[in-house]
Each structure stands twice: as C-alpha cells, then as structure tokens.
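[1] Next one to model:
(one chain, ligands or ions: 3)
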Amino acid sequence: MKKNMTIYSLEEFEFMRRAGRLAAETLDYITPFVVPGISTGKLDQLLEDFMRSHGGIPATIGYHGYPKASCISPNHIICHGIPSDDKFLQDGDIINIDITVILDGWFGDTSRMYYVGKPSIKARRLVETTYRTMMAGIEQCLPGNTTGDIGNAMQQVAEKERFSVVMDFCGHGIGQVFHGLPNILNYGIPGTGVKLVPGMIFTVEPMVNIGTHQALILKDGWTAITKDRSLSAQFEHSIGITETGYEIFTLSPKGYTYPPYLEKKQNDE
Ligand code: MF3
Ligand code: CO
Ligand code: CO
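    Residues are numbered from 1 along each chain as shown. Ligands and ions are numbered 1, 2, ... in the order given. Reported below is the predicted structural model:
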C-alpha cells in the first residue's frame, strides 16, 4: 500500500482538535477504573462504549483484523496487547492504554501509562522517563526541523537513564488516515529524515524499555513483548505542525499528563 504524506490546511486542524479531544477524554474517563482486579476486557468494553456514545468509532476494530477497541499493554508488553476478559490487573502493574477514535472521518490517536496500585520505584522511573522522552520529541516538532531531530531527542532522554528505545515500532502520519507518512522513529540523527512543514499531522509515541530494545511478537500475531521480559512504557500524542511550532491535539482536558492522576504529585512542576 502506498502511503501518502498529506499536508493539511490549518483550517482542517479544527477537525483534529475535535477527534483528538474525544480521544483524550476517553483516556481521562477510564482513569478511575484502572484498579487491581479489573479485567482488560472490561476496560476495553468501557472505552468502546464511551467512544461510541460520544459519536466516535474505535479505529482499531477490524484494522488488519485487530479485534478490540483499544490496545492495553501491561508491564513487559511493549504495545498492541489485546484486551481480554481473562486478564486481570494486579497491584504494582504499569499499563499502557492506547486508543484511536474516528470522529467525522478524522483520527485521534493517543496513549498513556497508568499505575495499578503502587508500582515499584524503578517502574515509576521508567514511566516518568518515557513521558519526558515523548515531550522532548514533541519539543523538536518545529517547521524546518526534521524527523531525525525528533528521534534523536527522544533517544537521548531514554538512554541517559540507561533505558532503550524500541526500534520496531514508530509514530506515523495521521489525519484522515490511521497510519500514513511520515514515520516518526524513536531514534535518529539530527538533521536527517523528512523536513517538517506546517500542515503535517503525525503521532509521537516512544516506547522505552528498561532492558533490551528487542521485541518479540506473540503467536496471537499482535502482542509485542520485550525479548528479555523487562518492563516497557509508552506515551502517545497526535500533533500538528504550525507556522511557528506544534499543536498537541490530544491533551488531557483534566490535566492528566503522567501518573499518578488521581492523587496529588509530590514534586509537580
Ligand atoms: N493505536 C496504535 C498506534 O498508536 C495502533 C494500534 S493498531 C491495532 O498506532 F490494530 F493494534 F490496534
Ligand atoms: Co499511533
Ligand atoms: Co495509538
């Protein structure tokens, strides 16, 4: 399939604002349900109901045969964990919930990490580092910069903590398609790759592992895990390039940036 690099008009950003907001509201909505004992299948059902009751369509259902409305990826699962009624969250888990909603033909794609009960200090350090990794990438999303600038900034933040960035998955163009160009790799060399211009719309979605960057796909054909079973984390925003910088379409209306979301942070910026 040939993928097109679409440059959107800045007026069309309004449609992305709407789709992105619904995606972010969906992740806000699910937050209090992420507790020990709930199944990932139940979370998926709640996510699907929320998206549909707000006029959205879950983009993942039927996408290359994917069966569910969300990807839910605990612990050593890197991404594309398939929600299941038999998979129950446990105290200490860190989980990624990734949803993509179609609203009026536009795709909003975002994911966040959640804490189930109280994860280890190391797990929390991974999650906080992964959030900083995504934001360092987004800060490079300026017209004139390149996709290599984004990847390099992300790789630097993760590797400074001696974590690794996943190379087998990347961010992608989005808008009126789910996955388009440009690819936004989680690593790179400054000044290389595709030059960013106003009107580009894509995701920034780094996956960061405590151990090896290497991934394995389970026999279900979807679930990606770390080869060494070390913990993995990911955050994702959909953004657009403006004349002067970037606009994030999937910011949390509730201000949920990184966890914990429902208790006051000790050292909030
Ligand atoms: N939302 C994922 C992304 O960030 C894609 C999931 S595709 C699925 O690109 F089929 F696995 F759901
Ligand atoms: Co994505
Ligand atoms: Co996603």
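[2] Please name the nearest non-neighbouring residue to the residue most central in space within the chain.
    Nearest to the geometric centre of the chain sits E236, at 2.5 Å (Cα atoms, centre = their mean). Distances taken as Cβ to Cβ, 6 or more residues apart in numbering put E205 closest to E236, at 3.5 Å, once the chain neighbours are dropped. Quick note: C-beta positions are derived from backbone N, CA and C, even for glycine.
[3] What's opposite the residue nearest to the centre of the chain in the beta bridge?
    Judged by DSSP bridges, the bridge partners of E236 are S111.
[4] In contact with it: list those residues for me.
    Taking Cβ atoms under 8 Å, 6 or more residues apart in numbering, we find E236 in contact with D98, D109, T110, S111, R112, M134, G171, T203, V204, E205, T250.
[5] Tell me the secondary structure at T203.
    strand (DSSP: H, G, I helix; E, B strand; the rest coil).
[6] Tell me, how many residues neighbour it?
    Neighbours of T203 under the rule other Cβ atoms under 10 Å: 24.
[7] Renumber starting at 712 from here on
    All right, first residue 712 from here; so that's T914.
[8] Check it and give its pLDDT.
    At T914, the model reports a pLDDT of 99.
[9] Hmm, it is touching D820, no?
    Yes: shown here, T914 and D820 form a contact pair, counting by Cβ atoms under 8 Å, at 5.3 Å.
[10] where do the contact lists of those two overlap?
    Shared contacts of T914 and D820, counting by Cβ under 8 Å, 6+ apart, come down to I885, E947, S949.
[11] Could you list the contact residues of the stretch 762-911 of the chain toward ligand 2?
    Taking Cβ under 5 Å from the ion as the contact definition, the stretch 762-911 of the chain meets ligand 2 at D820.
[12] would you list every one of the helices in the stretch 762-911 of the chain?
    832-850, 858-871 (DSSP state H, counting those that start in this stretch).
[13] In JSON lines, list the ones you listed along with mean pLDDT and distance to G956.
    Formatted as JSON lines, those follow (pLDDT from 0 to 100; distance: least, Cβ to Cβ, whole Å):
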{"stretch": "helix 832-850", "mean pLDDT": "98", "distance to G956": "9"}
{"stretch": "helix 858-871", "mean pLDDT": "98", "distance to G956": "13"}
